[in-house]
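Colleague: A structural model of the following input is requested.
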Amino acid sequence: MGANERISMRVSPEVSFAPANLSVRTTVEAHPDNRWIEIIAESDDFYRSSEMQLDGEHAPRTTIFEFRSLPGGTYQVHAFLKGTHGRQIASSHKQIDVVGESGGLR
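Modeller: From the prediction side, this is the model:
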């Protein structure tokens, strides 16, 4: 992570065939304000999200989220780090492609 980043994210695979299993690995800088992490994977036709409560500076620095059986499409994957009262502290974004059953992106 860079000096000013509170959250970083790696998504794999970046290109895959449908139905795709996606692994999202986040790394969070330890801080007492860290209360929630939310991961969203969305395309034009599909949306899935997951969140996990964090225990401030005692939370694990690395978390792994799995999204299974994603249909074809171009996905925007977002990681949001939230503090007290659900306030967004930091975010990270990646784009991935899932090739549809017909061999192309939908």
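
Colleague: in this protein, which segments are predicted with low confidence?
Modeller: 1-4, 102-106 (pLDDT under 70).

Colleague: select the longest strand from it.
Modeller: Ranked by residue count and defined by DSSP state E, the top strand of the chain is strand 88-99.

Colleague: buried ones in stretch 78-96, by neighbour count?
Modeller: His78, Ala79, Phe80, Leu81, Lys82, Gly83, Ile89, Ala90, Ser92, Lys94, Ile96 (16 or more other Cβ atoms under 10 Å). To be clear about C-beta, it is placed using only N, CA and C from the backbone, and glycine gets the same treatment.

Colleague: check contacts around the last one.
Modeller: Same thing as Ile96. By Cβ atoms under 8 Å, 6 or more residues apart in numbering, the residues touching Ile96 are Val11, Pro13, Glu14, Val15, Ser16, Leu22, Thr74, Tyr75, Val77.

Colleague: thinking again about what came up before, tabulate the buried residues of stretch 78-96 in TSV, adding columns for distance to Val28.
Modeller: Output for the buried residues of stretch 78-96, formatted as TSV (distance: Cβ to Cβ, whole Å):
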residue	distance to Val28
His78	14
Ala79	9
Phe80	11
Leu81	6
Lys82	11
Gly83	12
Ile89	9
Ala90	8
Ser92	10
Lys94	16
Ile96	21
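
Colleague: from the residues you listed, which is closest to Asp44?
Modeller: Ile96 (13.8 Å; Cβ to Cβ).
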